[in-house]
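> What follows is a predicted protein model with its sequence.
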There are 2 protein chains.
Amino acid sequence: MPERGQVFYVAAWNPPEDFFRGLPGPKAVFALGAGIDRFLGRDDLPADVPLIRLTDAGMARQMAEYVLAGVLRFQRCLDLYEFQQFSGIWRPQPARSAEETRVTVLGLGQIGGVVAATLAGLGYAVSGWSRSAAAVPGVDCRFGNEALEPLLGETDVLVNILPSTASTRGLLNRARLGRLPPGAGIINAGRGDQLDLDALVELLDAGRLRGALLDVFPEEPLPGGSRLWRHPKIRLTPHVAAETLPAPAVGQIVENMRRLEAGEPVSGLVDRRRGY
Amino acid sequence: MPERGQVFYVAAWNPPEDFFRGLPGPKAVFALGAGIDRFLGRDDLPADVPLIRLTDAGMARQMAEYVLAGVLRFQRCLDLYEFQQFSGIWRPQPARSAEETRVTVLGLGQIGGVVAATLAGLGYAVSGWSRSAAAVPGVDCRFGNEALEPLLGETDVLVNILPSTASTRGLLNRARLGRLPPGAGIINAGRGDQLDLDALVELLDAGRLRGALLDVFPEEPLPGGSRLWRHPKIRLTPHVAAETLPAPAVGQIVENMRRLEAGEPVSGLVDRRRGY
């Protein structure tokens, strides 16, 4: 550990309460992720210390991989083949092409845009939805609350990667999930407070929805008693869809340190009043 | 059923013995797949009847999807997360980027080329191997028997999509599987007679190899007594990696019928002496 007087920069994720108190005014704080919720609204971090987040660091590509794995699972019936394998059944399921698979991506920001474009590039019939207008080449982009429910009715695989805000909390409620066509699959890699898990489990158990791949949960780690762990139509992962990769993260931080020392503008500087 | 005198064209897959005997000389026979093993060396099909196979009909794209699903399963640790889910364990595994994932594709023909190029386009470190020289943009292509074993030593995910020939039978034997680095995964969507399943199961049980996704088997359907059905590190599918899709297949056949009637050259005409 360096002496406290020697600290020039801090790079951290989920810093504990009062972590910054008493540090002799670091030149900048680097958040080791894209979300910076844990760095805002705390009184141990002086307002004049620049807060810098990672701008991508491979996270969009990783999210595209994760979503693609889930889409392929449903499109290519890998979920059904797992059930069949466990029962010793050899039975080809009807083939469905990428063009026949309608994927809807909720959230078209820096990460969602890459996800939607990657799927479109592989031939899927991709729609995107965001609260305000966005454009992604090859993707049927819609926006606003009124556009959401009709779109859900035309969705074979629903992909949620919206950020957590007051207006996205509870978005995928029972009524909206009920708009999905029979047999639709769900991938949630946004936030755990956006998807009604009780409604999801009921629709899965009723055979209305096909399956779900879940990476985020209202409480993380997911409590041991949750019925999600053992649900045969749910696959869950421990919030790993888009992790910080060490190499590009370190590269970004080092480059931003160089720019700070040279008095140049940095990338990823957070406006702490706006919150991003 | 039409009267036999009304048969002008036959489109078939796995025609039973003597199926063609007594048919009044169809103008052409269409094989409903890319492989035509079952149409060769039979004496009920006169040598002067044109035999026409499907040339792609979406099969290369489907194979790329299937292989990609398998590569993502290993790269993104979805196999480990399944084990953890069944045990109620929340534990992120170290992230690995596409660039850090060395995928080797055995077989660089019409289908293998599309598979390798698709993976390379998504950022994977792709090598390809074929018996004779081939070139795929963005792919490190090697060829010949002597190049195979060193390449296996640098492979995180081994993908076999070689056709079944005298020289590929038994190719992935115990010695060659043993050259793979610890923790490598295997995807077999070539033929079932190319992979030594006893050696595979031993290497999986010893923890030397990580897992396998198998679509083809020495005997199909896979016999009910096979230990592969219940092996926790094996996922199997019933020979569906690249199926004939109805719409493009029918389109190709109708177009070839039109060309035959117009006296134009057809696509996919088989040289029955060469065997393809």
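Happy to help now that I have it.
> make it CA atoms for all contacts and neighbour counts henceforth
Will do.
> Next one: residue A:165, what pLDDT does it get?
With respect to pLDDT, residue A:165 scores 79.
> Same check on residue A:33?
At residue A:33, pLDDT is 73.
> So it sits against residue A:245, correct?
No - Residue A:33 is beyond contact range of residue A:245, at 9.5 Å (criterion: Cα atoms under 8 Å).
> Can you list the strands that whichever strand or helix holds residue A:105 pairs with?
Assigned by DSSP states H and E, residue A:105 belongs to strand A:102-106. With DSSP bridges as the test, strand A:102-106 is paired with strand A:125-130 (parallel), strand A:157-160 (parallel).
> So which bits of it are buried?
Buried positions in strand A:102-106, judged by neighbour count with 16 or more other Cα atoms under 10 Å in any protein chain shown: A:102-106.
> which other residues reach that strand?
A:71, A:112, A:115-116, A:124-130, A:151-152, A:154-162 (Cα atoms under 8 Å, 6 or more residues apart in numbering or on different chains).
> now with 7 Å?
Under the criterion Cα atoms under 7 Å, 6 or more residues apart in numbering or on different chains, residues A:116, A:124-130, A:155-162 lie in contact with strand A:102-106.
> where do the helices sit along chain A?
A:59-75, A:78-86, A:110-121, A:145-152, A:174-177, A:197-205, A:246-262 (DSSP state H).
> Output the fourth one as PDB, nothing but the C-alphas.
As requested, C-alpha coordinates have been extracted for helix A:145-152 and formatted as PDB (Å, rounded to 0.1, in the frame of the first residue of the first chain):
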ATOM      1  CA  ASN A 145     -44.100   4.100 -24.700                       C
ATOM      2  CA  GLU A 146     -46.900   3.700 -27.300                       C
ATOM      3  CA  ALA A 147     -44.700   1.900 -29.700                       C
ATOM      4  CA  LEU A 148     -43.600  -0.800 -27.200                       C
ATOM      5  CA  GLU A 149     -46.700  -2.900 -26.800                       C
ATOM      6  CA  PRO A 150     -47.400  -3.500 -30.500                       C
ATOM      7  CA  LEU A 151     -43.700  -4.300 -31.000                       C
ATOM      8  CA  LEU A 152     -43.900  -7.000 -28.200                       C
END
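> Does that helix pack against any helices or strands, and if so which?
Helices and strands touching helix A:145-152, by 3 or more Cα pairs under 7 Å, 6 or more residues apart in numbering or on different chains; DSSP states H and E: there are none.
> so where's chain A uncertain?
A:1-5, A:34-35, A:57, A:274-276 (pLDDT under 70).
> So which residues on it come close to chain B?
A:69, A:72, A:81, A:85-86, A:88, A:90-92, A:95, A:221, A:224, A:229-230, A:236-238, A:240, A:245 (Cα under 7 Å from any Cα of the partner chain).
> Only the buried subset of those, as a PyMOL command please.
The PyMOL selection below is limited to those of these classed as buried (16+ other Cα under 10 Å):
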select buried, chain A and resi 69+72+81+85+88+90+95+229+236+237+238+240+245
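> With respect to residue A:7, which of the helices of chain A lies nearest?
helix A:246-262 (13.3 Å; Cα to Cα).
> the inter-axis angle of that closest one versus helix A:59-75?
160 degrees (axes from the mean of the first three to the mean of the last three Cα atoms, to 10 degrees).
> Can I get helix A:246-262 in PDB, CA atoms only?
The C-alpha coordinates for helix A:246-262 follow below in PDB (Å, rounded to 0.1, in the frame of the first residue of the first chain):
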ATOM      1  CA  PRO A 246      -8.600  -5.900 -17.800                       C
ATOM      2  CA  ALA A 247      -6.500  -5.100 -20.900                       C
ATOM      3  CA  PRO A 248      -8.700  -2.500 -22.600                       C
ATOM      4  CA  ALA A 249      -9.700  -1.000 -19.200                       C
ATOM      5  CA  VAL A 250      -6.100  -0.500 -18.100                       C
ATOM      6  CA  GLY A 251      -5.300   0.900 -21.600                       C
ATOM      7  CA  GLN A 252      -8.100   3.500 -21.300                       C
ATOM      8  CA  ILE A 253      -7.100   4.500 -17.800                       C
ATOM      9  CA  VAL A 254      -3.500   4.900 -18.600                       C
ATOM     10  CA  GLU A 255      -4.300   6.900 -21.700                       C
ATOM     11  CA  ASN A 256      -6.600   9.200 -19.600                       C
ATOM     12  CA  MET A 257      -3.800   9.600 -17.000                       C
ATOM     13  CA  ARG A 258      -1.500  10.700 -19.800                       C
ATOM     14  CA  ARG A 259      -4.000  13.200 -21.100                       C
ATOM     15  CA  LEU A 260      -4.600  14.600 -17.600                       C
ATOM     16  CA  GLU A 261      -0.900  15.100 -17.100                       C
ATOM     17  CA  ALA A 262      -0.600  16.700 -20.500                       C
END
